[in-house]
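**Q** Based on what follows, work out the 3D shape:
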Amino acid sequence: MRKLLISLGFVAGVSFAGDDWNLMAPTGLSFGKIKGYEDWHVVATHYRTDKNELRYIIGNDKAVEAYRKGAKKFPEGAILVKIGYSLKKNPDFPNSVEPDVIQRVEYMIKDSKTFKDTAGWGFARFVYDAKEGKYKVFGKSAKDYAQCFACHKSVERKDFVFTDYVRRK
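**A** Numbers count the residues shown, from 1 in each chain. The predicted structure is shown next:
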């Protein structure tokens with residue numbers, strides 16, 4: 001069973017079946033590349049209205065350090081992970097909603113040598129199948145990921161990253 005523990009908006013943990021980490025996206029990026037991401041830093045949360053989905057964006061140390069320094073470009077090896085959940089009403093506080101079922105885990109990694117055609121960013125998406133209780137790779141070929149970069153091109157001025165860092169004071 002996959003369960004997200006949330007405390008004050010921080011992603012605390014997600015459990016996976018052993019074979020989930022072996023999944024490989026058609027872009028050559030594995031799910032295992034982000035193993036341990038539940039201990040990374042929360043960058044921000046988003047609510048995607050068209051998908052009715054709450055998303056947690058977390059980053060590895062390289063990504064978060066770049067955010068904190070106000071860098072205009074992310075360094076090689078920076079990784080941003082997006083975890084999307086469907087929503088449900090909180091039974092104890094009906095005016096709020098909370099994460100329900102995980103929908104997907106996606107990530108982007110800065111690797112300019114490998115991903116020259118996408119401005120140095122590689123993309124991977126793993127969709128959770130609640131009926132089977134496991135993840136599946138999105139797409140059949142790297143061309144299926146063209147939509148990722150096509151969308152991210154709209155934020156070229158921000159090194160192709162939508163998410164702004166939510167600073168904690």
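**Q** Can you show me the strands along the protein?
**A** 6-7, 10-11, 41-48, 53-59, 79-89, 97-110, 121-129, 134-137 (DSSP state E).
**Q** Of all those, which one comes closest to Asp19?
**A** Of all the strands of the chain, strand 134-137 sits nearest to Asp19, with 7.5 Å by Cβ to Cβ. (C-beta placed from N, C-alpha, C; glycine too.)
**Q** I'd like the mean pLDDT over that closest one, please.
**A** Strand 134-137 shows a mean pLDDT of 94.
**Q** again with stretch 114-126
**A** For stretch 114-126, the mean per-residue pLDDT is 96.
**Q** list the buried ones in it?
**A** 115, 118, 120-126 (16 or more other Cβ atoms under 10 Å).
**Q** chain center to the longest helix belonging to the chain: distance?
**A** Using DSSP state H to define each element, the chain has its longest helix at helix 61-69. On the basis of Cα atoms, centre = their mean, to the nearest Å, helix 61-69 sits 16 Å off its chain's mean C-alpha point.
**Q** counting contacts, what elements does that helix pack onto?
**A** strand 41-48, strand 79-89 (3 or more Cβ pairs under 8 Å, 6 or more residues apart in numbering; DSSP states H and E).
**Q** Next, the buried residues of the first one.
**A** Going by neighbour count (16+ other Cβ under 10 Å), the buried part of strand 41-48 is 41-45.
**Q** any chance of those in TSV, plus distance to Asp92 and pLDDT?
**A** Formatted as TSV, these follow (distance: Cβ to Cβ, whole Å; pLDDT from 0 to 100):
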residue	distance to Asp92	pLDDT
His41	28	93
Val42	23	94
Val43	28	95
Ala44	25	95
Thr45	20	94
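**Q** for these, which one is nearest Asp164?
**A** Asp164 has its nearest neighbour among the buried residues of strand 41-48 in Ala44, at 6.6 Å by Cβ to Cβ.
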